[in-house]
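Asks: task: produce atomic coordinates for the following.
(one chain, ligands or ions: 2)
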Amino acid sequence: MIISLLNQKGGAGKTTIAINLAYAIAETQVKVLLVDSDPQGSARDWGTVRSEPTPFTLIGIDRPILHQEVPKLSEAYDYTIIDGAPRVTDLTRSAILASDQVLIPVQPSPLDVWASAEVVTLVREAKLYKPNLKCNFVINRKITNSLIAKEVIDALSQYGIPILNTQISQRVIFADAFSQGSVVSEYDPKSTALAEIYQLREELIGATN
Ligand SMILES: Nc1ncnc2c1ncn2[C@@H]1O[C@H](COP(=O)(O)OP(=O)(O)O)[C@@H](O)[C@H]1O
Ligand SMILES: [Mg+2]
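Replies: Ligands and ions are numbered 1, 2, ... in the order given. The predicted structure follows:
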């Protein structure tokens, strides 16, 4: 299964979720490939900062050949995660064509919801050729103990793309772990942040620890 984290808006949480999700899936003893498709290479930078071995394979493909290369490469893995690139339409389109499932991380603010219109359009176009393509929004950086504003839910609903039940909260541990080349699972296995990542994993692939 190939899952891509896409949103042309930078800072939505693509890389943070891609890395933590790849790690969490690898913890279930399956083979995971993480493809960094961002020319800025933030996932690869994360891999370079790391001192521990990584339980998944991390490669970079940041040209719009993802739809040709990734399906072939993914045959040797149980799950492949593509970390999307901001802005570049060609790369996003190529990633969508490579994917079985697209996850669009979005911050719960109207501005961020509007900014995801572009990727939604690309998904709609791809669905004409790939009717089985799955696509979901996942709310990221939710302020803890707050409700998502009704205007955000309404605006997201208008895109006709389902919102996952799992919501990822705004927590410094995500940024702290990242900057040390780590994931929340290593940084604090008892953290609520990790519980959210496990919930996301379960909602996506049905796996529990
Ligand atoms: N749930 C979160 N809580 C706290 N910080 C977050 C969260 N998600 C992302 N961030 C931070 O926001 C910034 C952008 O996230 P990143 O994953 O790099 O987004 P993208 O890959 O979409 O550009 C990073 O500094 C990251 O540490
Ligand atoms: Mg990124």
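
Asks: run a quick neighbour tally on residue 44.
Replies: Per other CB atoms under 10 Å, the neighbour tally for residue 44 reads 17. Glycine gets a C-beta too; all of them are placed from N, C-alpha and C.

Asks: hmm, it is touching residue 58, no?
Replies: Yes - using CB atoms under 8 Å, residue 44 is in contact with residue 58, at 6.8 Å.

Asks: note down every partner strand of the strand ranked longest in the chain and its orientation.
Replies: Secondary structure assigned by DSSP state E gives strand 134-142 as the longest strand of the chain. Strand pairing for strand 134-142, using DSSP bridges, gives strand 101-106 (parallel), strand 163-169 (parallel).

Asks: can I get the next helix or strand after the shortest one in CSV? Just the C-alpha atoms.
Replies: Read that as strand 101-106. Proceeding N to C from strand 101-106, the next assigned helix or strand is helix 110-115, under DSSP states H and E. The C-alpha trace of helix 110-115 is given here as CSV (Å, rounded to 0.1, in the frame of the first residue of the first chain):
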residue,chain,number,x,y,z
PRO,A,110,-10.0,28.7,7.6
LEU,A,111,-6.9,30.0,5.8
ASP,A,112,-5.2,26.6,5.8
VAL,A,113,-8.4,25.0,4.7
TRP,A,114,-8.6,27.3,1.7
ALA,A,115,-4.9,26.7,0.9
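
Asks: as a whole number, average confidence for helix 110-115?
Replies: Averaged across helix 110-115, pLDDT comes to 93.

Asks: the following helix or strand past that helix vs ligand 1: in contact?
Replies: Counting by DSSP H and E, the next helix or strand C-terminal to helix 110-115 is helix 117-129. No - for helix 117-129, no contact with ligand 1 is found by CB under 6 Å from any ligand atom; the gap never falls below 11.1 Å.

Asks: neighbouring contacts of helix 117-129?
Replies: 6-8, 89, 92-93, 96-97, 102, 104, 133, 135, 159, 161 (CB atoms under 8 Å, 6 or more residues apart in numbering).
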